[in-house]
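[1] got a predicted model here, sequence first, then my questions.
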Amino acid sequence: MHKVVGNFEAQAGLPLIHIADAVGQAVKGSGLRTVGLLGTIFTMEQDFYKNVLVRNFGLTVLTPDKPDRDTVNTIIYQELVKGHVRESSRTVYLEIMDRLVADGAEGIILGCTEIGLLVKSARVPLFDSTALHAAEAVSRALSAFPGPSDARSDAVSRKPVQ
């Protein structure tokens, strides 16, 4: 959905929290500079997500090579969206993530809702885009109400999901 947001805020008159902004804020806050990005083919190969991370947060974003991108995408669409969570696919994802780490990734962005069902931990910090996006929405919603600021920070963790 974030690929087509364009002028949404201006046309709708409503604020938009771009998912890559929520993720970029968490990655930058963790002190990392280079991250691997996993997601659908569109997320990994097109610039709508990566450009926000590079432009707004100065991050270097790595994606898997073409065969690994195809594998990540296939597992998302042929297994995860159908509710199939297979140990063999988890192993494949961890191997792909290890290759990204070998290429310099200090953390991995789980850039698709379903990947968090498969991968819960890794050798490097994981940034679950769904959880971070939701946390940012809650944080902004809570900031609209007067009250102690520490209550808001207690309710929403900005730490990377690991």
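    Noted; the coordinates are in hand.
[2] who are the contact partners of the spatially most central residue of the chain?
    Residue closest to the average C-alpha location in the chain (C-alpha atoms, centre = their mean): Ser129, at 3.0 Å. The neighbourhood of Ser129, defined by C-beta atoms under 8 Å, 6 or more residues apart in numbering, consists of Ile19, Ala20, Ala22, Val23, Gly39, Ile109, Leu110, Gly111, Cys112, Thr113. Placement of C-beta: from N, CA and C, glycine included.
[3] now pLDDT too, for those residues, in CSV please.
    Listed next are the contacts of Ser129 as CSV, based on pLDDT from 0 to 100:
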residue, pLDDT
Ile19, 90
Ala20, 93
Ala22, 93
Val23, 96
Gly39, 97
Ile109, 98
Leu110, 97
Gly111, 95
Cys112, 94
Thr113, 89
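[4] just give me the closest of the residues you listed to Lys50.
    Ala20 (7.9 Å; C-beta to C-beta).
[5] that closest one: neighbour count?
    29 (other C-beta atoms under 10 Å).
[6] then Ala134?
    By other C-beta under 10 Å, neighbour count at Ala134 equals 15.
[7] how close does it sit to Gly116?
    11 Å (C-beta to C-beta, to the nearest Å).
[8] with Tyr77 instead?
    16 Å.
[9] same thing with Thr60?
    23 Å.
[10] can you give me the helices for this protein?
    Listed in chain order, the helices of the chain (DSSP state H) span residues 8-12, 19-30, 41-45, 47-57, 66-78, 87-102, 115-118, 129-143, 149-155.
[11] and Asp24, what does it touch?
    Actually, residue 24 is Gly rather than Asp. Gly24 sits in contact with Val52, Leu53, Asn56, Phe57, Leu59, where contact means C-beta under 8 Å, 6+ apart.
[12] thinking Arg140 is in contact with Ile17, fair?
    Yes. With contacts counted by C-beta atoms under 8 Å, Arg140 reaches Ile17, the gap being 6.7 Å.
[13] brilliant, that's me finished.
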